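Engineer: My questions concern the predicted model and sequence given below.
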Amino acid sequence: MTPHSAKDTAERTALVAGGAGFLGSHLTELLIRKGWRVVALDNLQTGSTANLSRLAKESRFSFIEHDVIEPLPSSLKADRVFNLACAASPPRYQADPVHTMMTSVLGTKHLLDVAERSGGVFVQASTSEVYGDPDQHPQREDYWGNVNTTGPRACYDEGKRAAEALCFDYLRLGKADVRVARIFNTYGPRMQPDDGRIVSNLICQALSGKPLTIYGTGEQTRSFCYVSDLVDGMWRLSDVADNPGGPVNLGNPGEFTINELAALVLAMTRGSSPIVHQALPQDDPRRRRPDISRAEAVLGWSPKVQLAKGLPPTIAWFDKMIAAARPVVETPPKRVRAGGRVPALAAAPAAAPKA
């Protein structure tokens, strides 16, 4: 992989939209480690500044609270723009479907304009959901998908497909150097316990001693990519010199049934929760597995962390989250110590004033 470099890294700025979220915060930390100045932008709909607390005293980091649906400051420029600004779990994106669609379309347009006026590289976080309930297995980037355009998941699926169309129009018109990552199921620390995704659901239920909810028979399959692998793939996609010219799948090709995932979670948490089956949600994919041949060839990328290695730190994260949420009962006259506050985040740089 030949790096895409125009000037010294220390002088370069990356804008990470959705930077306070699960993936965005990990990507932000990776960019800081690589010596970049980073502006994280987030409306905090699903993200949290707590995810960025490690960077509170980092001089090369700043945070802007802003919704990408709204126009961005014309003074905001960046050498690389990463668009991760959209709720990704079905309960979250279906809660406000119009906002989800507008985030994918208007938000992407506003961020593409930042990349255009900056002459920067633009990386779009698309999704395996563009393949819908696929007839092709595993899914390659040249597969056009099988998506219900009017169903309850369409706000996300079709929003991301429209965002891809917009990205490639900008690329064809020579307006911006656009790269599109199609992200498959990703998991790891900083996921939210209530985000409704299968990994977080099963782990939190097992740790709490509640029945594990499996939708349908549990024989539907997913492929799970650990967060450190995923953000490494996004970095490589931004850094490769030659534009791939099309979308690139990023995910772990290891394929597991939901029943297999539940068994692993129970074994690793030493839980004994029963399994409860519920009806399969509408348009839920039956099989999901990426063909990552293009990522291997173009980016020199393949995942390193397999599910058996990635689940323990993820379980530890949720165990800590659940423990922190439990009420603490003190026996008088013992005094309750006040909890610490998250340090204030650094102010936005002059080149990127707060909206």
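Structural biologist: The structure has been received and is ready for your questions.

Engineer: When you work out contacts or count neighbours from here on, use the C-alpha atoms and nothing else.
Structural biologist: OK.

Engineer: For the helix or strand hosting Arg236, name the packing helices and strands.
Structural biologist: If you go by DSSP states H and E, Arg236 is part of helix 227-239. The contact analysis (3 or more C-alpha pairs under 8 Å, 6 or more residues apart in numbering; DSSP states H and E) places helix 227-239 against helix 22-33, strand 121-127, strand 177-183, strand 186-187.

Engineer: residues in contact with the helix or strand just after it?
Structural biologist: The helix or strand immediately downstream of helix 227-239 is strand 248-250, counting by DSSP H and E. With C-alpha atoms under 8 Å, 6 or more residues apart in numbering as the test, strand 248-250 has contacts from 128, 140-141, 180-184, 230, 233, 290-292, 294-295.

Engineer: any idea which of those residues is closest to Glu11?
Structural biologist: Nearest to Glu11 out of those is Gly233 (C-alpha to C-alpha; 22.8 Å).

Engineer: The closest one and Lys304 touch, don't they?
Structural biologist: No: under the criterion of C-alpha atoms under 8 Å, Gly233 makes no contact with Lys304, lying 11.1 Å away.

Engineer: So which of the two has more stuff around it?
Structural biologist: Gly233 (25 against 14; other C-alpha atoms under 10 Å).

Engineer: In contact with that one, which residues are there?
Structural biologist: Shown in contact with Gly233 (C-alpha under 8 Å, 6+ apart): 250, 299, 301-302.

Engineer: From Val240, how far off is it?
Structural biologist: Distance of Gly233 to Val240, given as C-alpha to C-alpha, to the nearest Å: 11 Å.

Engineer: Name the residues contacting each of those two.
Structural biologist: In contact with both Gly233 and Val240: Leu299, using C-alpha under 8 Å, 6+ apart.

Engineer: Now render the contacts of Gly233 as JSON lines, adding pLDDT and secondary structure.
Structural biologist: Shown next, in JSON lines, are the contacts of Gly233 (pLDDT from 0 to 100; DSSP: H, G, I helix; E, B strand; the rest coil):
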{"residue": "Leu250", "pLDDT": "98", "secondary structure": "strand"}
{"residue": "Leu299", "pLDDT": "98", "secondary structure": "helix"}
{"residue": "Trp301", "pLDDT": "98", "secondary structure": "coil"}
{"residue": "Ser302", "pLDDT": "98", "secondary structure": "coil"}
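
Engineer: List just the nearest of those to Gly47.
Structural biologist: Distance to Gly47 across the contacts of Gly233 (C-alpha to C-alpha) is lowest for Leu250, with 21.8 Å.

Engineer: Quickly note the distance from that closest one to Cys86.
Structural biologist: Distance of Leu250 to Cys86, computed by C-alpha to C-alpha: 17 Å.

Engineer: for Pro73, same thing?
Structural biologist: Distance from Pro73 to Cys86, by C-alpha to C-alpha: 20 Å.
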